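>>> let's see this in three dimensions:
(chains A and B)
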Number of protein chains: 2
Amino acid sequence: MRQKYNKTDIIDKGVQLFRTKGYHNTGVDDILKSCGIPSGSFYNFFKNKEGFAVQALELYNQRYHDLLDQLLHNESLTPLQRIKSLFTGNVEMLVKGDCSEGCLLNSMTSEVAALNMTIGATAAEHYQRNAEKLAEAIKDGQDLGEIRTDFTSIELAFYLMDGMAGATVRMQAGKTEKPLKLFIKTAFEFLKPQ
Amino acid sequence: MRQKYNKTDIIDKGVQLFRTKGYHNTGVDDILKSCGIPSGSFYNFFKNKEGFAVQALELYNQRYHDLLDQLLHNESLTPLQRIKSLFTGNVEMLVKGDCSEGCLLNSMTSEVAALNMTIGATAAEHYQRNAEKLAEAIKDGQDLGEIRTDFTSIELAFYLMDGMAGATVRMQAGKTEKPLKLFIKTAFEFLKPQ
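Numbering: from 1, shown residues only, chains lettered A, B, ... in the order given. Next up, the predicted model:
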């Protein structure tokens, strides 16, 4: 009996390929093969590879956003503890992936954004959206006196996201969690009230 | 009259292509075309595209290392001022490149390191070498009381490099210098003695 694939299944398989092999190194054929579907099933949902990538970024980021929402509203933790649990959770996931799978948003940006305006604009929008959500928790932590207030909450949100992104890139070179641990150690030192 | 291309010329053209188009999206044919040379001239110097990439990383990083050497030994500045001039100089170069060209070391790592052990190991070695050079200046700044001493000089060197790398990725999404400016502002705040 032929297996039925829905759009989310195809995106999940494609995201896995993008994260390990890269965007340009993954063809539509690779995605079809990995799903075991004919090309019609792909083009039924996506105009082309770029259209697929934009939808993949959307879905991946929506999930991250949902995770942010959930973690940053955990009432059993203080705002600072929530933020720390978010980043240490990210680190754990990266380590589970053998320190070789980057974040889709950062990998796609680094490889494709300069060339492809559509993907670049989608990525920029997601960075902004994630930072705004994170900034809400930072603001709560600032109001409680847990987090420094000489930088705005959105500045600190981008500071955390960029630091994590840079550590993740270097992690991939040496396949080691050391950069991630250093990020956690320095970033949460930086957040302390002055 | 036929133009003579040397190895460095070919690497420079290839690096330009890697930085704007990415590794997998640049074929040996693209490099040949961009240099206007026959394939023999390429394979005379390089075994294949991977061999080319490793040599490109070596040359690019040697130049960065020479720049580090020069800037970090500028006796007219204090160690902290030298480090700041290095990073603000990097920012200026990225802005000149319309905020769309990433750093070769980071872009190659993000796209290729997880797949290609040779390139990954080369990148890891370069990160270490750059950090050690930068740490020398940080140590001098620590000894002079200009830089915090509750982190080691090598930790602070990697902290700066990773923060810059993350800001550079996000710069490429929005084609804006804002992430770079935020990096300078936060990173040099972080270095202050506690």
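>>> tell me where the model's unsure across chain A.
Applying pLDDT under 70 to chain A picks out residues A:1-4.
>>> biggest helix in chain A by residues?
Longest helix in chain A, counting residues (DSSP state H): helix A:117-143.
>>> so which bits of that helix are buried?
A:119-120, A:122-124, A:126-128, A:130-131, A:134-142 (16 or more other C-beta atoms under 10 Å in any protein chain shown). (Glycine included, C-beta is placed from N, CA and C.)
>>> report all helices and strands that that helix contacts.
When contacts are defined as 3 or more C-beta pairs under 8 Å, 6 or more residues apart in numbering or on different chains; DSSP states H and E, helix A:117-143 sits against helix A:49-71, helix A:79-96, helix A:104-108, helix A:153-174, helix B:153-174.
>>> redo these as a markdown table? Include mean neighbour count.
Converted to a markdown table, the helices and strands packed on helix A:117-143 look like this (neighbours: other C-beta atoms under 10 Å in any protein chain shown):
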| stretch | mean neighbour count |
| --- | --- |
| helix A:49-71 | 17 |
| helix A:79-96 | 17 |
| helix A:104-108 | 25 |
| helix A:153-174 | 25 |
| helix B:153-174 | 25 |
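>>> how far off centre is the longest helix of chain A?
Per C-alpha atoms, centre = their mean, to the nearest Å, the displacement of helix A:117-143 from the mean C-alpha position of its chain is 11 Å.
>>> now the phi/psi pair for A:Cys103, please.
phi -80, psi 130 (degrees, to the nearest 10).
>>> what's the answer for A:Lys47, then?
The phi/psi pair for A:Lys47 (degrees, to the nearest 10) is phi -70, psi -40.
>>> show the contacting residues for it.
Taking C-beta atoms under 8 Å, 6 or more residues apart in numbering or on different chains, we find A:Lys47 in contact with no residue.
>>> do the same with A:Asn25
B:His24, B:Glu111, B:Leu115.
>>> picking up where we left off before, quick check: angle from the longest helix of chain A to helix A:49-71?
Helix A:117-143 runs at 10 degrees relative to helix A:49-71, counting by axes from the mean of the first three to the mean of the last three C-alpha atoms, to 10 degrees.
>>> quick one, helix A:117-143 and helix B:153-174 angle?
Using the same axes, to 10 degrees: helix A:117-143 against helix B:153-174 is 130 degrees.
>>> now do helix A:117-143 against helix A:79-96, angle only.
Using the same axes, to 10 degrees: helix A:117-143 against helix A:79-96 is 140 degrees.
>>> make a markdown table from the helices and strands packed on helix A:117-143 and add distance to A:Phe188 to it.
Listed next are these as a markdown table, based on distance: least, C-beta to C-beta, whole Å:
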| stretch | distance to A:Phe188 |
| --- | --- |
| helix A:49-71 | 15 |
| helix A:79-96 | 6 |
| helix A:104-108 | 20 |
| helix A:153-174 | 9 |
| helix B:153-174 | 12 |
